[in-house]
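J.: test case, fold it:
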Amino acid sequence: MIYLIRHARPTLAGVLLGSTDSPLASGIHLPASFLKVGTVISSPLSRALKTAELMFPNQPITVIPELAERCLGHWETKRWAEVEEEWPELAAKATADWFGTTPPGGEPWHTFKTRVTNAWRSLAKTSVTAIVAHVGVNAVLWHLATGGDLTQFHQEYEEVISIDLTH
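T.: Got it, this is the predicted structure:
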């Protein structure tokens, strides 16, 4: 069993964060008491690592650098309306094909997906595992585990998605 957990709400919400390291907002609710896991893995970004520490306070956490969110370059910390205003043609292209569009100074989707895929392949999937990361990372992991369509993936802050790897 794998639990894909999106980090709690960061202080910088409502913007494209990507690899920008934003701490968690105050007043978060972390639903971990019902999860019994043998292994906890986290992105190195503080919003994910702090979420993992709060959810699993008595367990060691393995940080995997390859599980950091995709770098969105010059789009980071901007609202989508700002992106559309400053890069209208590229924003329109991204709206039509997010995975085929690279923000200026950002990480190409194929590079990001390869990085996350390599991390997935390196994981020992022998115990119940919680992975605390980001919506982009978890989308790729969900796709790798289930074969699901990446365009159909959605995950809220603190949402836990269970994947039974025995089927």
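J.: need the strands for this protein, in chain order.
T.: For the chain, applying DSSP state E gives strands covering 2-6, 39-42, 61-63, 129-133, 160-163.
J.: how far off strand 2-6 does the longest helix seen in the chain point, in degrees?
T.: Counting by DSSP state H, the longest helix found in the chain is helix 109-122. For helix 109-122 against strand 2-6, the angle by axes from the mean of the first three to the mean of the last three C-alpha atoms, to 10 degrees is 140 degrees.
J.: and for helix 109-122, what's in contact with it?
T.: With contacts defined as C-beta atoms under 8 Å, 6 or more residues apart in numbering, helix 109-122 is touched by 64, 66-67, 70-71, 98-102, 136-137, 140-141, 144-145. To be clear about C-beta, it is placed using only N, CA and C from the backbone, and glycine gets the same treatment.
J.: I'd like the average pLDDT over that helix.
T.: Mean pLDDT, helix 109-122: 97.
J.: can you list the domains in the protein?
T.: Domain assignment of the chain by automatic domain parsing yields the ranges 1-8+32-70+107-167, 72-106.
J.: for these, which one ends up most surrounded?
T.: Highest mean neighbour count among the domains of the chain (mean count of other C-beta atoms under 10 Å): domain 1-8+32-70+107-167, with a mean of 17.
J.: flag the shaky bits of the protein, pLDDT-wise.
T.: 28-33, 167 (pLDDT under 70).
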